[in-house]
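>>> Sequence and predicted model, in that order:
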Amino acid sequence: MEERIRNLENFAQLSARMTELIESSQRRMEERQRRMEEDNRRMEDDQRRRDDLMQQILQSVAVMQAEIVRIDETHS
């Protein structure tokens, strides 16, 4: 009888440790996912800023090209 009780106690301890490991793993996975989502948001923000800057550069080039054409036309 005592051996059965010890076996049950041992099983309960092992089950509790397994539960702790699973919960710990779950927390780490959730934290990794949260960091990944933050990194993705930052990357998207960076890409949006690069796109905006590229658009501004293209607009500036278009203005310079138009100015060059205007200057060429006035000197022709």
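Done, it's in. Residues are numbered from 1 along each chain as shown.
>>> Local confidence estimate at His75?
At His75, the model reports a pLDDT of 85.
>>> Give me the neighbour count for it.
Summarising burial for His75: neighbours were counted as other CB atoms under 10 Å, giving 6. All C-beta spots, glycine's among them, are computed from the backbone N, C-alpha and C.
>>> Can we start the residue count at 9 from this point?
I'll keep to 9 as the first residue from here, and by that count the last item is His83.
>>> Distance check, it against Val69.
The spacing between His83 and Val69, counted by CB to CB, to the nearest Å, is 21 Å.
>>> ok now the helix or strand hosting Glu31, how far from the chain's centre?
When secondary structure is defined using DSSP states H and E, the element that contains Glu31 is helix 10-83. Between the mean C-alpha point of helix 10-83 and the mean C-alpha point of its chain there is a distance of 0 Å (CA atoms, centre = their mean, to the nearest Å).
>>> Which pLDDT does the model give Asp80?
Asp80 is assigned 88 on the pLDDT scale.
>>> and stretch 31-46, average pLDDT?
The predicted model assigns stretch 31-46 a mean pLDDT of 98.
>>> how about Ala74, what does it touch?
For Ala74, the contact set (CB atoms under 8 Å, 6 or more residues apart in numbering) is empty.
>>> where does it land on pLDDT?
Per the predicted model, pLDDT is 95 at Ala74.
>>> Over to Met9?
Met9 carries a pLDDT value of 90.
>>> Tell me, how many residues neighbour it?
Counted with other CB under 10 Å, the neighbours of Met9 add up to 5.
>>> same thing with Gln21?
The burial metric for Gln21, expressed as a neighbour count using other CB under 10 Å, is 10.
>>> can you check the one 5 residues further on too?
When neighbours are defined as other CB under 10 Å, Met26 has 10 of them.
>>> likewise Arg78?
Residue crowding around Arg78 was assessed by other CB under 10 Å; the count is 10.
>>> Distance check, Gln64 against Arg49.
Distance from Gln64 to Arg49, counting by CB to CB: 23 Å.
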